[in-house]
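*Asks:* mind looking at a prediction? Sequence and model below.
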Amino acid sequence: MVNLVINGKAPVVAYAELIAARIVNAAHKDAITVEFVDEKNAAPAVFNGSSDDTFTKIIGTYPDIFGHESSEEVAHWIRIAREQLVVKNFQQLSQSLEKLDAVLNLRTFILGGLKISAADVVSWGALRSNGMVGSIIKNRVYVNVSRWYTLLELNPSFSGAHEYLTKSMQGIKKAATAGKKKEGHKANFEIDLPDAKIGEVVTRFPPEPSGYLHIGHAKAAILNEYFAHAYKGKLIIRFDDTNPSKETMEFQDAILEDLELMGIKGDRVTYSSDYFQEMYDLCVQLIKEGKAYCDDTDVEKMREERMEGIPSAKRDLSVEENLRIFIEEMKNGTEYGQKNCVRAKIDYKAANKTLRDPVIYRCNLTPHHRTKDQWKMYPTYDFCVPIVDSIEGVTHALRTIEYRDRNAQYDWMLKALHLRKVHIWDFARVNFMKTLLSKRKLQWMVDHGLVSNWDDPRFPTVRGVRRRGMTVEGLRNFIISQGPSKNVINLEWNLIWAVNKKIIDPVAPRHTAVVDPVEVTLEGEGAPEIPKVELKPKHKKNPTVGEKKVIYSNKIIIDKEDASVLEVGEELTLMDWGNIIVTNKNADGSLVAKTNLGGDFKKTKHKVTWLANTDYVPVEMVDFDHLITKDKLEDDENFTDFLTPQTEFHTKAVGDVNVKDMNVGDIIQFERKGYCRLDSKADGDKPYTFFTIPDGKSVNRYGTKK
């Protein structure tokens, strides 16, 4: 998957690139991840990390879509678009439009033929970005240009580009200011990374393979990728695999899959375990220089001494004895070696308690998932990370603000080990109300059966939110909109789902589901005696989504909830068909109605969804609640005291016949019931199962807004 970033505040908005990406995505679903930024001084567009000649790069990447015309002709029109069609001097612009009008005199499209070309895309995009052009087109000053422009505007890839950009920019502003004062600002990526040079910046994303990626990890990954690309540098994906008790190949593979799913691909994939020998050698060096010592103090006593600022009794062991314990006892995992750890000798009474002789090595006899039983001891995170960052050439370590107190420790390690300096940039972790991000707590929920697994739709894991219906584009747009802010806030989930809705609403097919069906017999003109099938658009505003089968019959079904409020003599509207008038309510609950299909739908109180009572499929809609009841847990509170009693709700229904043609993962909208994602197909007695997707509003169970 490739990535396009559009700057909505650029002096000349890159509509051509945006339209080209929409054309590609219409042909190859989600081929290009489109993001938006709100930065006046940023490049108009960045494609796969490059801001140079982005339009040419896009069309060159997809020759199956844009490769039918000669590159010389397209290059010619790219120059005209960039140099002539965006100018705001009317005299100059009119000369260019006269030439374009002449070219289009006997042509439908710029290069001739009956197919839109890259020349059309880049020229139309340039004109769309020029504020002077709207009235010129409207007043048909240049007849052929107006005809051509209006024709292209009928194509959703062109006509929807402005609305898509506008709504996305509004979403960025809304999400960026959520939870802040009005002057709290939009997402700002101009953070002035210290000593950052174009082409030389190296960032890293270092997940521990001890669980699945959650939405907090996603933010770290996307921000590291963003700055690597923004500075035309490199991104390293590094597995921090220094704790064999918790780490598995399953988690490692899942993390790589999730990163790929988000369109994040590192320039290198590395492992901290690749550097075990280097870290061992550096620890020996530290001991020899009197900057570290071995300590067999009991864990509880060590913790108490650190809190009280009391030096360990082993702090002044000789260098020779420390080396013996480390090299002979700990390295071999002897009984005595296992009682020891290595501590950095920094300052046992420092005001910053992370500097109070932190542990940097400890024994662990669990076989490592990569190095097996080669090592019996492993470095801690605080010792490992600065070393590997420096060795691998990382220039800027972006990490969450919770590590801020450890920054001094990070710097001490590099200086004490005589290693290259690495700059640190802190950013706020993403927190959501009623949500746990601790892998330990999430693992507890999996182990105790509160959820099905790590991909449960109630989980804040990347897999969980994707299974609930979050799109990659929505997730990326939301995180980019938050930016690298240092402000720690507790966000509402509605914010991210609102961003997601902007992605799915223009393309989600519209379908029908009926809950607790009640039969209605239709009488009169237009009520087919024999069921008939017609093809109708799946999305009335976007014909490119395709067509669906709609069955018309004189016997239909509607929701029991709708039927219960109808009165005899009342006129109502059958959505996308016409009006009917209730003539009888039978004892069994069924209704009889006469048709008035040409009636005025504006005058009816009730507009109901319906299905022909002939052919439909069993479906089940599943909605979810938060796993915990409290917005934010305090440090001294036990999360198990705030578990939500019931978090899963099932509604049985019947869906239209088109459900049979859907694939797992398809996102649709059941009209009047909300957006849904197909999680599993029917199997035996099991119906088609849909998970409801929140839309960023006040969503109640089953996606119905009340």
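*Replies:* Arrived safely, thanks for sending.

*Asks:* is the residue most central in space within the chain in a helix, a strand, or coil?
*Replies:* Residue closest to the average C-alpha location in the chain (Cα atoms, centre = their mean): L475, at 1.7 Å. Secondary structure, DSSP: H, G, I helix; E, B strand; the rest coil: L475 is helix.

*Asks:* tell me the contacts of the closest residue to it other than its chain neighbours?
*Replies:* Closest residue to L475 apart from its sequence neighbours, by Cβ to Cβ, 6 or more residues apart in numbering: A218 at 6.3 Å. The C-beta positions use only the backbone N, C-alpha and C, and glycine is treated the same way. Shown in contact with A218 (Cβ atoms under 8 Å, 6 or more residues apart in numbering): 258, 262, 462, 475, 479.

*Asks:* want to throw the residues you listed into CSV with secondary structure?
*Replies:* Shown next, in CSV, are the contacts of A218 (three-state DSSP):
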residue, secondary structure
D258, helix
M262, coil
V462, helix
L475, helix
I479, helix
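
*Asks:* by neighbours, which of those wins?
*Replies:* Counting neighbours by other Cβ atoms under 10 Å, the top entry in those is V462, with 27 neighbours.

*Asks:* separation between that one and S51?
*Replies:* According to Cβ to Cβ, to the nearest Å, V462 and S51 sit 28 Å apart.

*Asks:* from S680, how far off is the closest residue in space to G211 that isn't next to it in sequence?
*Replies:* Nearest non-adjacent residue to G211, counting by Cβ to Cβ, 6+ apart: K439, 3.9 Å away. Going from K439 to S680 by Cβ to Cβ gives 27 Å.

*Asks:* over to I556?
*Replies:* Taken as Cβ to Cβ, the span from I556 to S680 is 28 Å.

*Asks:* between these two, which has more neighbouring residues?
*Replies:* I556 (26 against 13).

*Asks:* which secondary structure element contains that one?
*Replies:* According to DSSP states H and E, I556 maps onto strand 555-559.

*Asks:* for F227, same thing?
*Replies:* Using DSSP H and E, F227 falls in helix 215-230.

*Asks:* now swap in T651 and tell me
*Replies:* Per DSSP H and E, T651 falls inside strand 648-655.

*Asks:* now swap in V34 and tell me
*Replies:* strand 32-37.

*Asks:* what ranges do the strands span in the stretch 201-350 of the chain?
*Replies:* Secondary structure of the stretch 201-350 of the chain (DSSP state E, counting those that start in this stretch): strands at 202-205, 234-239, 268-271, 292-295, 341-344.

*Asks:* if I look at the residue nearest to the centre of the chain, how far off is T400?
*Replies:* Taken as Cβ to Cβ, the span from L475 to T400 is 18 Å.

*Asks:* now D296
*Replies:* Going from D296 to T400 by Cβ to Cβ gives 33 Å.

*Asks:* for the chain, what's the longest helix?
*Replies:* For the chain, the longest helix by residue count, based on DSSP state H, is helix 156-177.

*Asks:* so how far is that helix off the chain centroid?
*Replies:* Taking Cα atoms, centre = their mean, to the nearest Å, one finds the center of helix 156-177 at 16 Å from the center of the full chain.

*Asks:* going forward, count from 9.
*Replies:* Understood, numbering begins at 9; the last thing we discussed is helix 164-185.

*Asks:* who touches that helix?
*Replies:* Under Cβ under 8 Å, 6+ apart, the answer for helix 164-185 is 14, 16-17, 21, 23, 26-27, 30-31, 34, 44-46, 132-133, 136, 160-161, 192-195, 485-486, 488-491, 503-504, 506-507, 510, 514, 550-552.

*Asks:* tell me which residues of it are tucked away?
*Replies:* Buried residues in helix 164-185, counted by 16 or more other Cβ atoms under 10 Å: 164-170, 172-173, 175-177, 179-181, 183-185.

*Asks:* just the CA coordinates for that helix, please, in PDB.
*Replies:* Presented in PDB, the C-alpha positions along helix 164-185 are these (Å, rounded to 0.1, in the frame of the first residue of the first chain):
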ATOM      1  CA  PRO A 164     -17.400  11.100  -8.700                       C
ATOM      2  CA  SER A 165     -13.600  10.900  -8.600                       C
ATOM      3  CA  PHE A 166     -13.600  14.600  -9.800                       C
ATOM      4  CA  SER A 167     -16.800  16.000  -8.300                       C
ATOM      5  CA  GLY A 168     -16.300  14.400  -4.800                       C
ATOM      6  CA  ALA A 169     -12.700  15.500  -4.400                       C
ATOM      7  CA  HIS A 170     -13.500  19.000  -3.000                       C
ATOM      8  CA  GLU A 171     -16.100  17.700  -0.600                       C
ATOM      9  CA  TYR A 172     -13.700  14.900   0.500                       C
ATOM     10  CA  LEU A 173     -10.900  17.400   1.200                       C
ATOM     11  CA  THR A 174     -13.200  19.900   2.900                       C
ATOM     12  CA  LYS A 175     -14.700  17.400   5.300                       C
ATOM     13  CA  SER A 176     -11.400  15.800   6.000                       C
ATOM     14  CA  MET A 177      -9.900  19.200   6.900                       C
ATOM     15  CA  GLN A 178     -12.900  19.900   9.100                       C
ATOM     16  CA  GLY A 179     -12.300  16.600  10.800                       C
ATOM     17  CA  ILE A 180      -8.700  17.400  11.400                       C
ATOM     18  CA  LYS A 181      -9.600  20.700  13.000                       C
ATOM     19  CA  LYS A 182     -12.300  19.200  15.200                       C
ATOM     20  CA  ALA A 183     -10.200  16.200  16.300                       C
ATOM     21  CA  ALA A 184      -7.100  18.400  16.900                       C
ATOM     22  CA  THR A 185      -9.000  20.800  19.200                       C
END
